[in-house]
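Participant: Coordinates for the following, if possible.
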Amino acid sequence: SAQVTGRNPGCTLFGLYLFFKMFSQEYINLLLSVYFFVLGVLALSHTMSPFMCRMFPESLPNKQYQLLFTQGAGEAKEEILNYEFDTKNLVCLLISSVVGVWYLLKKHWIANNLFGLAFALNGVELLHLNNVSTGCILLGGLFIYDVFWVFGTNVMVTVAKSFEAPIKLVFPQDLLEKGLGASNFAMLGLGDIVIPGIFIALLLRFDVR
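Facilitator: The predicted structure is shown next:
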């Protein structure tokens, strides 16, 4: 079986569709922007970390830090958070924060895609399949899911266009005309990257072993 848990994605999608129909899109997107800003900064920082480890100049000191939160005192003291990091991680976090502020202020498609790619890579890294049969069943289910929600109804397209969050990659179709200011986009949902991605990751692990 897959090491993946969660509720029915179809119900979640339809719930978001009704949510956008019932409430003001402006306030919903403001809340989601802040939420995905935090998640995006953390995800992008984690994705950049291996590259930073190779690129970080050896001449610069790489100091170690520890962030520790505890509750209680004496023998009853309990650790709530114990996170160790170094200078390289701080540099990654700083760069990711700059991208995050750029996304919050401009909603630029490049910043959106950087966060989207970070979410996709972290999703493929965190979600594992145990066998090929489960992966085939999952891909078959995704095929039926996409046929119904994308081509059978307008629910998926409505949610994707209303959702000002990096849950999709966008590809500017007028890039040659308008350059970085392109505004006519084709979309690819992150689910269509992550689900096949975790299946390909399973095959890659099989090849390596």
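Participant: what about the strands in the protein?
Facilitator: 64-71, 78-86, 168-172, 185-189 (DSSP state E).
Participant: Name the stretch among the ones you listed that sits most buried.
Facilitator: Of those, the one with the most neighbours on average (mean count of other C-beta atoms under 10 Å) is strand 168-172, at a mean of 19. (Glycine included, C-beta is placed from N, CA and C.)
Participant: Who are the packing partners of that strand?
Facilitator: Judged by 3 or more C-beta pairs under 8 Å, 6 or more residues apart in numbering; DSSP states H and E, the packing partners of strand 168-172 are helix 109-126, strand 185-189.
Participant: For residue 11, find the nearest of those.
Facilitator: Closest to residue 11 of the helices and strands packed on strand 168-172, according to C-beta to C-beta: strand 185-189, at 16.7 Å.
Participant: For the strands of the chain, give me TSV that also has mean pLDDT and distance to residue 200.
Facilitator: Listed next are the strands of the chain as TSV, based on pLDDT from 0 to 100; distance: least, C-beta to C-beta, whole Å:
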stretch	mean pLDDT	distance to residue 200
strand 64-71	87	35
strand 78-86	85	30
strand 168-172	90	17
strand 185-189	88	16
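Participant: possible to save the helices and strands packed on strand 168-172 as JSON lines with distance to residue 158?
Facilitator: Output for the helices and strands packed on strand 168-172, formatted as JSON lines (distance: least, C-beta to C-beta, whole Å):
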{"stretch": "helix 109-126", "distance to residue 158": "18"}
{"stretch": "strand 185-189", "distance to residue 158": "12"}
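Participant: so which of those is the most packed in?
Facilitator: Comparing those by mean neighbour count (mean count of other C-beta under 10 Å), helix 109-126 comes out on top with a mean of 19.
Participant: That helix to strand 168-172, inter-axis angle?
Facilitator: Put simply, helix 109-126 runs at 140 degrees to strand 168-172, going by axes from the mean of the first three to the mean of the last three C-alpha atoms, to 10 degrees.
Participant: shaky segments in the chain?
Facilitator: 1-10, 12-13, 16-17, 19-21, 23-25, 162 (pLDDT under 70).
Participant: residue boundaries of the helices in it?
Facilitator: 9-22, 25-55, 87-106, 109-126, 132-146, 155-162, 175-178, 191-208 (DSSP state H).
Participant: how close does the residue nearest to the spatial centre of the chain get to residue 125?
Facilitator: The centre of the chain sits closest to residue 119, judged by C-alpha atoms, centre = their mean, with a distance of 2.0 Å. Using C-beta to C-beta, to the nearest Å, one gets 11 Å for the distance from residue 119 to residue 125.
Participant: same check, this time on residue 48
Facilitator: For residue 48 relative to residue 125 (C-beta to C-beta), the value is 13 Å.
Participant: excluding its backbone neighbours, what's nearest residue 157?
Facilitator: residue 150 (7.0 Å; C-beta to C-beta, 6 or more residues apart in numbering).
Participant: Please read the previous query as pertaining to residue 53.
Facilitator: residue 88 (5.9 Å).
Participant: what does residue 103 give?
Facilitator: The nearest residue in space to residue 103 (C-beta to C-beta, 6+ apart) is residue 111, at 3.8 Å.
Participant: I'd guessed that neighbour sits against residue 105; true?
Facilitator: No. Using C-beta atoms under 8 Å, residue 111 makes no contact with residue 105, being 9.3 Å away.
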